[in-house]
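1. model this:
(2 chains)
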Amino acid sequence: MFKWLDPYAKSETLYHFCGKLLPFLMVTALVLLLLGNIWGIAFTPADYQQGDSYRIIHIHVPAAILSMGAYAAMASAAFVALVWQIKVAHWAVLAIAPIGAVYTAIALITGMAWGKPMWGAWWVWDARLTSQLILLFLYFGVMALDGAFSDRKVGAKVSSLLALVGVINLPIIHFSVEWWNTLHQGASITKFRPAIDPSMLWPLLISILAFAVLLMALTCLRLRTAILENEQHRPWVRKLVGG
Amino acid sequence: MQPRRQKRLLSILVIISLIGGAIGAMLYALQQNIDLFYTPTQLVEGLGKDKVKPVTGQRLRIGGLVVPGSVSRDAQSLKVRFQLVDIGPSVWVEFEGILPDLFREGQGIVAQGTLLAPDRIHATEVLAKHDEEYMPAEVAEALKGIRHVPPSQANFATSTTYGAAGYGAADGYQKPTVQPDN
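-> Next comes the predicted model:
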């Protein structure tokens, strides 16, 4: 079923494949990001109760959704790395982790900046905020564990396992606002009829897409670097860099 | 699939389902502690199967909708009191301080404070809990009939006898007189 994927397990093929995708992804991400954010922040009507403060949603929500999307992608790579023991899959885990951590941090920081004027508090230990903070620590844990063992192979295995186990946190984050009483409001766009006026929804959807493409682009970039770093003594890399 | 991979796949699935089960059981056991606040109904009628009621003097958070017409301000100070309700009985919240901008009658709020009586809380902090709906002002007025006015400009009922008449009364609270909203 997945035979067609086999060539990409070879680092050289993957390196060139990512190289081909990279410019296309980067340009798309940049265009969508500018379009979605400028439209959302400058050209949408103000909210009836939150006024202009709600505009931070165009950064907060894409970062939050894709912080979970990045984790799902990282966990899938970890799963492949553990079961099929493919090296590049583990490098992909390490390529995604810092990007996901930054997305999570953006979601937390913009959320705090939004919460202070609207709710009246920077931080509340409710289920949504706490589980999102745990997501940040999971990313940190994956990165830290990889380097924590003198045997790189053990580190790779343990960090992949943590990445995989951390998936349990994703449904908790998503359903936290339904399972428990929280200060954080419920989901706006991942329900059947989005609870956002169309004039505000479209730029938000574009921004979400932009964050997704940016995630792919940065992953390609980091994965290429990781491949070169790990394979620097291989003949194909030496030929590539002319050494 | 090779038997070696099959074994790894199986052990990973077992690890994840065991840890998932453990975390699920933990969250289930801690359910009431993870809830950020009591709802007015939970406060009055008790929480969970055992109908556990918080005791007077306990510090807690209460979350509900501000009952329209129940907000009453002291003319001399920043003291304010209002009723909160969800689906059952309502409770009184008294607070001294500045209300968040999103506070209005009908809005969801979360207050933290001390329980004075089974249906009365002295709040030290009032947070606004807005819903997940976002829309321009005209749409909100046409669709939901809501026009948001920040509490600093809202015309809440004021009472000069606030405090003296309110909390000492044997029958609990007097319903504050409400001036029509203009």
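
2. from here on, contacts and neighbour counts on C-alpha atoms
-> Noted.

3. chain A contacts on chain B?
-> Proximity of chain B to chain A (C-alpha under 8 Å from any C-alpha of the partner chain) is limited to residues B:5-6, B:8-9, B:15-16, B:19-20, B:31, B:34-37, B:100-102, B:110, B:126-138, B:140, B:147-149.

4. take those residues and keep only those in helices.
-> B:5-6, B:8-9, B:15-16, B:19-20, B:31, B:34, B:137-138, B:140 (DSSP state H).

5. which of the residues you listed are buried?
-> B:Leu9, B:Ile16, B:Gly20, B:Ile34, B:Ala137, B:Ala140 (16 or more other C-alpha atoms under 10 Å in any protein chain shown).

6. can you convert those residues into CSV and add a column each for pLDDT and distance to A:Trp236?
-> Listed next are those as CSV, based on pLDDT from 0 to 100; distance: C-alpha to C-alpha, whole Å:
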residue, pLDDT, distance to A:Trp236
B:Leu9, 92, 33
B:Ile16, 93, 38
B:Gly20, 93, 43
B:Ile34, 85, 54
B:Ala137, 87, 61
B:Ala140, 86, 62
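
7. A:Thr13 contacts A:Pro7, doesn't it?
-> Yes - counting by C-alpha atoms under 8 Å, A:Pro7 is a contact partner of A:Thr13 at 6.7 Å.

8. what about A:Leu218, neighbour count?
-> Counted with other C-alpha atoms under 10 Å in any protein chain shown, residues neighbouring A:Leu218 total 18.

9. secondary structure element holding the closest residue to it other than its chain neighbours?
-> Counting by C-alpha to C-alpha, 6 or more residues apart in numbering or on different chains, A:Leu218 lies nearest to A:Ile99, which is 7.5 Å off, once chain neighbours are set aside. Following DSSP states H and E, one finds A:Ile99 within helix A:87-118.

10. that older thread, and the two most separated of the buried ones among the ones in helices among the residues of chain B next to chain A?
-> Maximum pairwise distance among these (C-alpha to C-alpha): 53.8 Å, between B:Leu9 and B:Ala137.

11. identify the residues contacting the residue nearest to A:Leu218.
-> When contacts are counted by C-alpha atoms under 8 Å, 6 or more residues apart in numbering or on different chains, A:Ile99 touches A:Ala70, A:Leu215, A:Leu218, A:Thr219.

12. for B:Thr124, same thing?
-> Applying C-alpha under 8 Å, 6+ apart to B:Thr124 gives the contacts B:Phe95, B:Glu96, B:Ala111, B:Gln112, B:Gly113.

13. same thing but 6 Å
-> By C-alpha atoms under 6 Å, 6 or more residues apart in numbering or on different chains, the contact set of B:Thr124 is B:Gln112, B:Gly113.

14. and what of the one 4 residues further on?
-> Shown here is B:Ala128, whose contacts under the criterion C-alpha under 6 Å, 6+ apart are A:Trp119, B:Leu102, B:Phe103, B:Ile109.

15. can I get those in JSON lines with distance to B:Leu84?
-> Formatted as JSON lines, the contacts of B:Ala128 follow (distance: C-alpha to C-alpha, whole Å):
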{"residue": "A:Trp119", "distance to B:Leu84": "17"}
{"residue": "B:Leu102", "distance to B:Leu84": "15"}
{"residue": "B:Phe103", "distance to B:Leu84": "12"}
{"residue": "B:Ile109", "distance to B:Leu84": "8"}
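
16. closest one to A:Leu108 out of those, please.
-> Nearest to A:Leu108 among the contacts of B:Ala128, with distances taken as C-alpha to C-alpha, is A:Trp119, at 14.7 Å.

17. burial count for the closest one?
-> Number of residues near A:Trp119 (other C-alpha under 10 Å) recorded here: 24.

18. list the beta-bridge partners for the closest residue to it other than its chain neighbours.
-> Spatial nearest neighbour of A:Trp119, excluding adjacent residues (C-alpha to C-alpha, 6+ apart): B:Ala128 at 4.5 Å. Bridge pairing for B:Ala128 (DSSP bridges) gives the partners B:Ile109.

19. that older thread, of the buried ones among the ones in helices among the residues of chain B next to chain A, closest to chain A?
-> Closest approach between those and chain A, by C-alpha to the nearest C-alpha: B:Ala137, at 3.9 Å.

20. my guess is the closest one contacts A:Tyr48. True?
-> Yes - the pair B:Ala137 and A:Tyr48 passes the contact test of C-alpha atoms under 6 Å, sitting 3.9 Å apart.

21. which residue ranges of chain B form strands?
-> With DSSP state E, the ranges of strands along chain B come out as B:59-66, B:72-74, B:79-85, B:91-96, B:108-117, B:120-129, B:157-159.

22. mind putting those into TSV with distance to A:Pro203 and mean pLDDT?
-> Below are the strands of chain B laid out as TSV (distance: least, C-alpha to C-alpha, whole Å; pLDDT from 0 to 100):
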stretch	distance to A:Pro203	mean pLDDT
strand B:59-66	31	92
strand B:72-74	41	87
strand B:79-85	36	92
strand B:91-96	39	93
strand B:108-117	27	92
strand B:120-129	24	92
strand B:157-159	41	74
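
23. ok, the residue nearest the centre of chain A - contacts?
-> Geometric centre of chain A, nearest residue: A:Ala70, 3.0 Å, by C-alpha atoms, centre = their mean. By C-alpha under 6 Å, 6+ apart, the contact list for A:Ala70 reads A:Gly100.
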